[in-house]
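A.B. asks: The sequence and its predicted three-dimensional model are supplied below.
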Amino acid sequence: MFVRKSNLEEFEAVALPHLNDIFRTASGLLRNQTEAEDLAQDVYMNAWKSFHRFEPGTNCRAWLFKILFHRLHHHRRKWFQLKLTKEADILEDTLKWEPPVNDVLTDEEIITALNNIPEDYRAVVLLADVEEFSYKEVAAALDIPMGTVMSRLSRARRMLREQLTTVADSYGIRKKTSGEAS
């Protein structure tokens, strides 16, 4: 196959800077470094094959994440024959504010808590809170409605808060009351 040098240089310039983000997210979702490496490689192979459809000037990072989640879902359907479940959108949960957990917890404890939540929720947290995608971009990457993104993010944060509160309690970290100084 003959590749024009300008296409290769353009692909390298716009797509390769996001390789670490793609790999990090794949690792967080799969929890297996070898599978994450394979998935990241598959994402870039598919991106290269369809690079002629990429519109220059648009968000290449979001485009790559869309491919990542498409390949991830394909991988899971193929190997595990899992059916994706759709849940009801309950926006009421997203409107409820709860205070954050104290930041004295270790990275390992936070990663363990993240790994303990269901994968659909973990994917939304990784994209929204770690990769800092907008709700609209998360919805596009996961091919789900924006209301589902908000609902899953709210539930995931609540699950993480509950797990991390237990860990914080074991350290003797307690919530400040409204009368305490910061």
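C.D. replies: Cool, got the structure. Numbers count the residues shown, from 1 in each chain.
A.B. asks: roughly how far apart are residue 144 and residue 37?
C.D. replies: According to Cβ to Cβ, to the nearest Å, residue 144 stands 26 Å off from residue 37. For the C-beta atoms, the positions are set from N, CA and C on the backbone; glycine is no exception.
A.B. asks: Give me the more crowded residue out of those two.
C.D. replies: residue 144 (21 against 14; other Cβ atoms under 10 Å).
A.B. asks: Now do the same for the more buried one: helix, strand or coil?
C.D. replies: coil (DSSP: H, G, I helix; E, B strand; the rest coil).
A.B. asks: Look up the pLDDT of it for me, please.
C.D. replies: On the pLDDT scale, residue 144 is placed at 93.
A.B. asks: and it, what does it touch?
C.D. replies: Shown in contact with residue 144 (Cβ atoms under 8 Å, 6 or more residues apart in numbering): no residues.
A.B. asks: So which other helices or strands are in contact with the helix or strand harbouring residue 38?
C.D. replies: Using DSSP states H and E, residue 38 sits within helix 33-49. Contacts defined by 3 or more Cβ pairs under 8 Å, 6 or more residues apart in numbering; DSSP states H and E place helix 33-49 against helix 19-30, helix 60-80.
A.B. asks: tell me the domain boundaries of the protein?
C.D. replies: Per automatic domain parsing, the domain ranges recorded for the chain read 5-80, 92-171.
A.B. asks: Tell me how far the longest one lies from the chain's centre.
C.D. replies: Think domain 92-171. The chain centre lies 10 Å from the centre of domain 92-171; the measure is Cα atoms, centre = their mean, to the nearest Å.
A.B. asks: which residues sit against the helix holding residue 38?
C.D. replies: 11, 15, 19, 22-23, 26-27, 29-30, 54, 63-64, 67-68, 70-72, 75.
A.B. asks: Least confident of the domains of the chain, on average?
C.D. replies: domain 92-171 (a mean of 82).
A.B. asks: hmm, back to that, can you lay out the helices and strands packed on helix 33-49 as CSV showing mean neighbour count?
C.D. replies: Listed next are those as CSV, based on neighbours: other Cβ atoms under 10 Å:
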stretch, mean neighbour count
helix 19-30, 19
helix 60-80, 17
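A.B. asks: for these, which one sits closest to residue 149?
C.D. replies: helix 60-80 (12.2 Å; Cβ to Cβ).
A.B. asks: Now do the closest one: distance to the chain's middle.
C.D. replies: The answer for helix 60-80 is 12 Å, by Cα atoms, centre = their mean.
A.B. asks: So which other helices or strands are in contact with it?
C.D. replies: Using 3+ Cβ pairs under 8 Å, 6+ apart, helix 60-80 sits against helix 19-30, helix 33-49, helix 135-142.
A.B. asks: Enumerate the positions of the second one that are buried.
C.D. replies: By that I understand helix 33-49. Neighbour-count burial for helix 33-49, with 16 or more other Cβ atoms under 10 Å as criterion, is recorded at 35-36, 39-40, 42-44, 46-47.
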